[in-house]
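>>> What follows is a predicted protein model with its sequence.
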Amino acid sequence: MSMVDEGATHPRGEALYEELLFIHGMIRQSLDTVMALVEQVTDGAPVEEIRARLEQLASTSLLWRLRESCMQYCYFVHLHHNHEDVHWFPALRDTNPDLHPVIDRLEADHRLVSEYLDDVEEATRRIVDDESARADLAKKLRRLAEHLISHLDYEETNLAPTLLRIRSWSLDR
């Protein structure tokens with residue numbers, strides 16, 4: 001018995017796809033928030049003012065919020081991609097062997113995104129004490145954003161036809 005309906009969408013598959021879109025939506029929204037914070041820091045107050053604010057209001061200053069947001073964001077994306085690599089992709093390979101090239105590309109993208117996230121985390125750690133880290137972080141976040149948005153779009157477009165037709169789903173393989 002096939003796990004995929006031939007031709008028609010299935011409510012189970014539609015729910016799986018909606019879950020993927022929801023998680024990707026959270027990634028996009030968080031990335032927008034982090035990028036807005038980067039713009040505020042790079043275009044905003046002088047370093048002395050931001051450092052003074054950081055000392056007074058540690059958890060609400062722009063630099064603190066930027067650092068914390070970046071670190072949380074990076075952790076979430078790493079976690080999501082690890083889940084896809086370990087659970088979703090092997091199950092999808094079994095469900096539809098035609099997806100092998102798509103999943104190969106997505107896994108390669110995950111490795112590249114992981115490197116970009118590590119670069120962002122490194123620049124984030126330096127932002128409070130190193131003035132040059134501002135521009136470096138902004139550059140690394142822009143590179144991450146460009147690649148990550150392209151990756152999410154590719155994943156959604158190429159997995160949708162299979163996901164939408166799944167009638168049963170188990171990560172136990």
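The structure has been received and is ready for your questions. Source: prediction; values computed, not measured.

>>> hey, let's count contacts and neighbours off CA atoms from now on
OK.

>>> Next up, the contacts around Thr42.
Shown in contact with Thr42 (C-alpha atoms under 8 Å, 6 or more residues apart in numbering): 134-135, 138.

>>> now the most centrally placed residue in the chain, nearest residue through space, not along the chain?
Closest to where the C-alpha atoms of the chain average out (C-alpha atoms, centre = their mean) is Val77, at 3.9 Å. Leaving aside its chain neighbours, Val77 sits nearest to Ile27 (7.1 Å; criterion: C-alpha to C-alpha, 6 or more residues apart in numbering).

>>> do Leu152 as well
Closest residue in space to Leu152, ignoring its immediate chain neighbours: His24 at 6.7 Å, by C-alpha to C-alpha, 6+ apart.

>>> What part of the chain, helix or strand, is modelled with the least confidence?
Lowest on mean pLDDT, DSSP states H and E among the helices and strands of the chain sits helix 47-56, with a mean of 47.

>>> Which secondary structure elements does the helix or strand just after that helix sit against?
Where DSSP states H and E defines the elements, the next helix or strand beyond helix 47-56 is helix 62-83. Secondary-structure packing of helix 62-83 (3 or more C-alpha pairs under 8 Å, 6 or more residues apart in numbering; DSSP states H and E): helix 11-43, helix 47-56, helix 100-126.

>>> Okay then, goodbye and thanks.
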